[in-house]
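Engineer: model this:
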Amino acid sequence: MEKSCTLLVHFDKATPALANEIKESLEGNDVESKIEALKKAIMLLLNGETIPQLFITIIRYVLPSEDHTIQKLLLLYLELIEKTDSKGKVLPEMILICQNLRNNLQHPNEFIRGVTLRFLCRLNESEIVEPLLPSILSNLEHRHPFVRRNAVLAVMSVYRLPQGEQLLDSAPEIVEKFLTSEQDSSSKRNAFLMLFNCAQDRAVDYLFRNVDRIADWGEQLQMVVLELIRKVCRANKAEKGKYIKIIISLLNAQSTAVVYECATTLVSLSSAPTAIRAAANTYCQLLLSQSDNNVKLIVLDRLNELRISHREIMVELVMDMLRALSTPNLDIRKKTIDIALDLITPRNVDEVVMMLKKEVVKTQNLEHEKNGEYRQMLVQAIHSCAIKFPEVASTVVHLLMDFLGDSNVASAIDVVVFVREIIETNPKLRVSIIIRLLDTFYQIRAARVCSCALWIIGEYCLSLSEVENGIATIKQCLGELPFFTVTEEGEVQDQGVKKVQQVNSTTVSSRRPAILADGTYATQSAALETAMSPPTFVQGSLSSTGNLRSLILSGDFFLGAVVACTLTKLVLRLEEVQPSKVEVNKASTQALLYMVSMLQLGESSVLPQPIDNDSRDRIVLCMRLLCNTGDEVRKIWLQSCRESFVKMLADKQRRETEELKAKAQISNAQPDDLIDFYHLKSRKGMSQLELEDEVQDDLKRATGEFTKDGDDANKLNRILQLTGFSDPVYAEAYVTVHHYDIVLDVTVINRTKETLQNLCLELATMGDLKLVERPQNYTLAPESSKQIKANIKVSSTETGVIFGNIVYETSSNVLERNVIVLNDIHIDIMDYISPASCADVAFRTMWAEFEWENKVAVNTVLQDEKEFLDHIIKSTNMKCLTPPSALEGECGFLAANLYAKSVFGEDALVNVSIEKQTDGKLGGYIRIRSKTQGIALSLGDKITLKQKGGT
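Structural biologist: A predicted model of the protein is given here:
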């Protein structure tokens, strides 16, 4: 067994000093040399050396020194050396130091007295301490507080020794008397701590005698008072009412540490609305008053816990909490918004949205590197509010539309998606949104935002003026035709096109696969994801070149196809609302001309990359439709698209409602549980707060909140057999996995008729697992058992293996050591990951960024695609992000995205792509991506093991 360590000093692993050199320096007269020699001796002792030959030298040459540094180092040396023999008896030479310690305790210098008393706190040998007791007690009345505070700690350590109560039986009485007369705050704290640990009843009596003066006590003493209250209330819950009053009085303390501890203690002890409200108010004040970001994050975690358990009370404080958005740190802002969004009610939604609007405006005015990300966060928050409470949409939608041309593309996409959803769910806002969108369309510089905005224009321009303005806006942004002209020699006539080619050649040539919503790859031709460079002028352009023209000339033909579809829809709708056939034909002809020009551009040699087949086919389809329209096709283009979008929104809403219902489910109480009827309770002598607390406890008991989720069957599943039944030593382990550590509770049984000596459980690990303690030796009587605990730290999410053996000696043959090899314990990655959800955009971004990919081929006996997907979800403990509506139907193909987060904050992304082959079997691949190698490999191994359809 390793010795306990009371001292930790940095040790530079250089050449260790020799004992002879140290001895020479200690025997000299130079004080500096003695100090250095003592430091070297202490380092050697800390490193495991014993150096017994130095003891007498130190007693002769160092003990008489009057230098304070030497005396302090001497005490550290005495603290480290062995003071007992192998049988536990004090070594006779230790008598030599007793007289020196007594002299130090009576020394005229308070520093020497104080450090000696501190040294005595670390002594476990009562034989050395006993002769010093009168001197220790006399120091309780010393004039200097440094001596008194250490004297109290020395009294406490003596009293806590195995024979301490016999050595100093009157210690609690002496310390209580000292506490009543003491003025120094640190000494009072130490005295109260002694009573708290050794005589709890006296501490409680003192607390209630001085209950009116607690607010004036020092910070350290107030912290010990709170610790005492927690301990007493856990032991005796019936008395917690009178202690809660003390905690509430301490909420007005000067120290922020005390105030935080008060709030935490209050929440842990009481469920009364008054107490929870006081704690939540305190947290909000700390959130605003503290400048340290770490403190703010911790306080937000506490507020989030209150949100889960006491939502009704937290709703009242949502505006106070939102004031934390003034902090520039993005993590704090994100956490604040996430908590606030779950506390929105019809009563406070207007205030919350107004606050978020102000923050959005601030991001426009202030220059800050993270403004784009923060604006995106705010847009998503406002979007969430508007979906829950549609009536607030009208107050924010026009403000947000100013950011459609935002340089932060992700933020602009969030805005346009928000607008798309609001225009469908709020028909009253349709006209004003369309007018505003057409006015600001020219500012949009990102291709994906343009695509979504064009879809809105094509679907929601219904009146004659709106349709005509829509067509005019698109024509203006496309500019004049042609897109390019070629001379007789076949060269590009206008140099502007060459400039466009040079500017965008890097963009086009650096094509990379794009990740679609289902996780599959598609080649995307230069869809500009970032803000565009200023447009380049080409022949026949207007004074301000349109954004659509610049993007199409950069090679983005997917956007060209979207433009063609939008023009087609607008022309079809124009036929319905425009009585003049001449105007309709004119608009149709112009639309066809733009489509033909885009095809010419895509098939020419002007751009280094030709038009892709998908975009070409779509543009051609639009041209055929405009040349020959039928009622059935018209219905598909003008009605079915909108119906699909409405269905998608309804499906999204249904899934969110189901998730909320699932979260709201709570366990019920057992049929035979006792329920108190609080109306029949005696209220005699109870304050309002105590009564509230009793009522809340009864409600929790009635609704099953106190019911524990322990499942005995699951516990039995965690027991692993380590040795065989025929082995002389039988061992089994119960594995408990906490977030960052694993506890092995190993039961070892001696099945022989002999005593086993020096029995040791030796363990080793593979993977990111680390043993915390060294193994100890035990002696096992015949047919007896022993419980051995082993702690293992986990540092990352990956599958680990614990292996080892049991080594022992028998009483008949001590020289021979017997070894029993143990079965391996495999730590499952499933213990560290849990299902989580994220937006499709975030999933695709992470998929593109993460560098570790593990590709697993599908090999299963299951023949149904949906059944196989469900089996993978269950086996990997992940959440399917692909909506059920996208997985419906029988087409022989299935693609789905799965997502989970580990306890270490790591993301695990999985894409399942499978198809039913001609022989009826399933084929395809499961791709896993993560930032770290461990989680990708471990998940891959898990899927390979489980995918065949077994258990």
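
Engineer: assign the closest residue to Ile943 other than its chain neighbours to helix, strand or coil.
Structural biologist: Once flanking residues are discounted, Ile943 sits nearest to Val856: 5.2 Å by Cβ to Cβ, 6 or more residues apart in numbering. For every residue, glycine as well, the C-beta is placed using N, CA and C. Recorded secondary structure, Val856: strand (DSSP: H, G, I helix; E, B strand; the rest coil).

Engineer: what's the burial count for Val856?
Structural biologist: Neighbour count of Val856, defined by other Cβ atoms under 10 Å: 19.

Engineer: which residues are in contact with it?
Structural biologist: By Cβ atoms under 8 Å, 6 or more residues apart in numbering, the contact list for Val856 reads Tyr925, Ile926, Arg927, Ile928, Gly940, Ile943, Thr944, Gln947.

Engineer: out of the residues you listed, who's nearest Pro579?
Structural biologist: Arg927 (56.1 Å; Cβ to Cβ).

Engineer: wait, a strand at the closest one?
Structural biologist: Yes - assessed by three-state DSSP, Arg927 belongs to a strand.

Engineer: neighbours of it, how many?
Structural biologist: Counted with other Cβ under 10 Å, residues neighbouring Arg927 total 19.

Engineer: which residues does Ile433 contact?
Structural biologist: The contact partners of Ile433, taken as Cβ under 8 Å, 6+ apart, are Val397, His398, Met401, Val419, Ile422, Ile423, Ile456, Tyr460.

Engineer: please repeat the previous calculation with a cut-off of 6 Å.
Structural biologist: Taking Cβ atoms under 6 Å, 6 or more residues apart in numbering as the contact definition, Ile433 lies against Ile423.

Engineer: then the strand or helix carrying it to CSV, C-alphas only?
Structural biologist: In this assignment (DSSP states H and E), Ile433 forms part of helix 430-440. Taking Å, rounded to 0.1, in the frame of the first residue of the first chain, the C-alpha atoms of helix 430-440 are listed here in CSV:
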residue,chain,number,x,y,z
ARG,A,430,-47.7,37.4,-48.0
VAL,A,431,-48.2,40.7,-49.9
SER,A,432,-45.8,42.8,-47.8
ILE,A,433,-43.2,40.0,-47.8
ILE,A,434,-43.3,39.7,-51.6
ILE,A,435,-43.0,43.5,-52.1
ARG,A,436,-40.1,43.7,-49.7
LEU,A,437,-38.4,40.6,-51.3
LEU,A,438,-38.6,42.0,-54.8
ASP,A,439,-37.2,45.3,-53.6
THR,A,440,-34.2,43.8,-51.9
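
Engineer: following element in sequence after that helix, please.
Structural biologist: Where DSSP H and E defines the elements, the next helix or strand beyond helix 430-440 is helix 447-460.

Engineer: for Val801, phi and psi?
Structural biologist: phi -130, psi 130 (degrees, to the nearest 10).

Engineer: just the angle between the helix holding Ile433 and helix 447-460, please?
Structural biologist: Interaxial angle, helix 430-440 versus helix 447-460 (axes from the mean of the first three to the mean of the last three Cα atoms, to 10 degrees): 140 degrees.

Engineer: only the buried residues of helix 430-440, if you could.
Structural biologist: Using 16 or more other Cβ atoms under 10 Å as the test for burial, helix 430-440 gives Arg430, Ile433, Ile434, Arg436, Leu437, Leu438, Thr440.

Engineer: and the furthest pair within those residues?
Structural biologist: Arg430 and Thr440 (16.1 Å).

Engineer: tell me, how many residues neighbour the residue nearest to Asn854 when sequence neighbours are not counted?
Structural biologist: Nearest residue to Asn854, sequence neighbours excluded (Cβ to Cβ, 6+ apart): Gly940, at 3.8 Å. For Gly940, the count of nearby residues is 18 (other Cβ under 10 Å).

Engineer: show me where pLDDT drops low in the chain?
Structural biologist: Applying pLDDT under 70 to the chain flags the ranges 1-5, 10-17, 365-369, 486-545, 663-717, 739, 797-798, 814, 948-951.

Engineer: ranges for the strands of the stretch 601-750 of the chain?
Structural biologist: With strands called from DSSP state E, counting those that start in this stretch, the stretch 601-750 of the chain shows them at 719-721, 729-737, 741-750.

Engineer: let me know which of those is the nearest to Leu607.
Structural biologist: Closest to Leu607 of these, according to Cβ to Cβ: strand 729-737, at 57.1 Å.

Engineer: for the closest one, packing partners?
Structural biologist: Where contact means 3 or more Cβ pairs under 6 Å, 6 or more residues apart in numbering; DSSP states H and E, strand 729-737 is packed against strand 719-721, strand 741-750.

Engineer: select, out of the ones you listed, the one closest to Val729.
Structural biologist: Closest of the helices and strands packed on strand 729-737 to Val729 is strand 741-750, at 6.1 Å (criterion: Cβ to Cβ).

Engineer: hey, what's Gly924 bridged with?
Structural biologist: Beta-bridge partners recorded for Gly924 (DSSP bridges): Ile914.

Engineer: hmm, it is touching Asn859, no?
Structural biologist: No - the criterion here is Cβ atoms under 6 Å, and Gly924 misses it with Asn859 at 10.1 Å.

Engineer: between those two, which is the more surrounded one?
Structural biologist: Each of Gly924 and Asn859 has its neighbours counted (other Cβ under 10 Å); Gly924 has more, 19 against 11.

Engineer: now for the more buried one: which residues touch it?
Structural biologist: Residues in contact with Gly924, defined by Cβ under 6 Å, 6+ apart, are Val858, Ser913, Ile914, Glu915.

Engineer: now swap in Ile926 and tell me
Structural biologist: Contact analysis of Ile926 by Cβ under 6 Å, 6+ apart lists Val856, Val912, Ile943.

Engineer: from the residues you listed, which single one is nearest Leu266?
Structural biologist: Lowest distance from Leu266 to the contacts of Ile926 (Cβ to Cβ) belongs to Ile943, with 46.7 Å.

Engineer: related to what we said a few turns ago, so which of the helices and strands packed on strand 729-737 is nearest Leu269?
Structural biologist: Leu269 lies closest, by Cβ to Cβ, to one member of these: strand 741-750, at 27.5 Å.

Engineer: roughly how far apart are the residue nearest to Asn854 and Gln947?
Structural biologist: 10 Å (Cβ to Cβ, to the nearest Å).

Engineer: do you know how far the closest residue to Val743 other than its chain neighbours is from Ile742?
Structural biologist: Closest residue to Val743 apart from its sequence neighbours, by Cβ to Cβ, 6+ apart: Thr736 at 4.5 Å. Remark: distance between Thr736 and Ile742 (Cβ to Cβ) = 7 Å.

Engineer: just put the helices and strands packed on strand 729-737 in a markdown table and tack on mean neighbour count and distance to Ile244.
Structural biologist: A markdown table is the format used below for the helices and strands packed on strand 729-737 (neighbours: other Cβ atoms under 10 Å; distance: least, Cβ to Cβ, whole Å):
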| stretch | mean neighbour count | distance to Ile244 |
| --- | --- | --- |
| strand 719-721 | 14 | 42 |
| strand 741-750 | 18 | 34 |
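
Engineer: ok, which of those comes nearest Leu761?
Structural biologist: Nearest to Leu761 among these is strand 741-750; the distance by Cβ to Cβ comes to 6.1 Å.

Engineer: partner strands of the helix or strand just after that closest one, with direction?
Structural biologist: The helix or strand immediately downstream of strand 741-750 is strand 756-766, counting by DSSP H and E. Applying DSSP bridges, strand 756-766 is found paired with strand 777-780 (antiparallel), strand 800-810 (antiparallel).

Engineer: which parts of the first one are buried?
Structural biologist: If you call a residue buried by 16+ other Cβ under 10 Å, then strand 777-780 has these buried ones: Leu780.

Engineer: by how many degrees do the very next helix or strand once past it and strand 756-766 diverge?
Structural biologist: Downstream of strand 777-780, the next assigned helix or strand under DSSP H and E is strand 785-794. Inter-element angle recorded for strand 785-794 and strand 756-766: 20 degrees (by the same axes, to 10 degrees).

Engineer: residues in contact with strand 785-794?
Structural biologist: Contact with strand 785-794 is made by 740-749, 761, 763, 769-772, 778, 780, as judged by Cβ under 6 Å, 6+ apart.
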